[in-house]
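Peer 1: Here you go, sequence then predicted model.
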Amino acid sequence: MSFQLPKLNYGYSDLEPHIDALTMKIHHTKHHQGYVDKLNAALEGSDLNSKPIEEILTNLDQISEDKKDAIINNGGGHANHTLFWELMTPGGAKQPSGALQEQITKDFGSLDKLIGEVSSTAIAQFGSGWGWLVLDQDKNLEVISTPNQNSPLMLGMIPLLGIDVWEHAYYLNYQNRRPDYVQAWWNIVNWDIVGQKFQKAVH
Ligand SMILES: [Fe+2]
């Protein structure tokens, strides 16, 4: 058993103009593939590679010290990107509905306020990292950022939505304009998937 690069549900050019085809292709086939390959190399010979990556990242205390950084960086990279691809869809998908919509209104006031908070948090992340909407240990919605490929799972939180703000996610099209990329990204978010993850996480 080993971890595999997930297939995308859309073509590399399908998220244009918000994310260009070349960025998508390199991001998926080079960056994500690199995390998968290095994760597999780090887990070679252990019995951990038969476990879901979420379980490994939630139980890092079971990883030996010499492997820990490799698992955090590459296991995190694999989990984060797997979610990231799933969260996007050509043309975006509507608004949050049902229980997620109610929770967003309760915790943030409105969807626009939530989007503003995730955006400013992602934009403010110094260097490479991610902006997140998570469900925290008390099952509250929370906006956080993490550096590098650190996963919210390592903090005991369940990621519901994450935006990759590594330069590899946007530099070809947006150069140094991270805020423009973050703003454009909301046009391709699939809120149905976020809602499904929320439902699964609260139960
Ligand atoms: Fe990335």
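Peer 2: Good, I have the coordinates.
Peer 1: Quick one: name the residues of the chain near the ion.
Peer 2: Within the chain, the positions adjacent to the ion are 164, 166, 169 by CB under 5 Å from the ion. Every residue, glycine included, has its C-beta placed from N, CA and C.
Peer 1: repeat that for 6 Å
Peer 2: 27, 31, 81, 164, 166, 168-169 (CB under 6 Å from the ion).
Peer 1: Please indicate which of those are buried?
Peer 2: For the residues of the chain next to the ion, a burial check counting by 16 or more other CB atoms under 10 Å picks out 27, 31, 81, 164, 166, 169.
Peer 1: Which pLDDT value belongs to the second one?
Peer 2: Pointing back at H31 there. H31 carries a pLDDT score of 98 in this model.
Peer 1: Which secondary structure state is assigned to it?
Peer 2: When classified by DSSP: H, G, I helix; E, B strand; the rest coil, H31 comes out as helix.
Peer 1: Contact partners for it?
Peer 2: By CB atoms under 8 Å, 6 or more residues apart in numbering, the contact set of H31 is 77, 81, 166, 168.
Peer 1: can we see that at 10 Å?
Peer 2: By CB atoms under 10 Å, 6 or more residues apart in numbering, the residues touching H31 are 77, 81, 164, 166, 168-169.
Peer 1: Nearest residue to the residue of the chain found nearest the ion in space, please, no chain neighbours.
Peer 2: The minimum distance from the chain to the ion, using CB to the ion, falls at D164 (4.1 Å). In space, and not counting its chain neighbours, D164 is closest to F84: 5.4 Å by CB to CB, 6 or more residues apart in numbering.
Peer 1: ok, and that neighbour, which helix or strand is that part of?
Peer 2: Per DSSP states H and E: F84 is located in helix 76-87.
Peer 1: now for that helix, which elements pack on it?
Peer 2: Judged by 3 or more CB pairs under 10 Å, 6 or more residues apart in numbering; DSSP states H and E, the packing partners of helix 76-87 are helix 33-43, helix 53-58, strand 129-135, strand 158-164, helix 191-202.
Peer 1: So what touches the first one?
Peer 2: Right, helix 33-43. 1-6, 27, 48-51, 53, 56, 63, 66-71, 73-82, 149.
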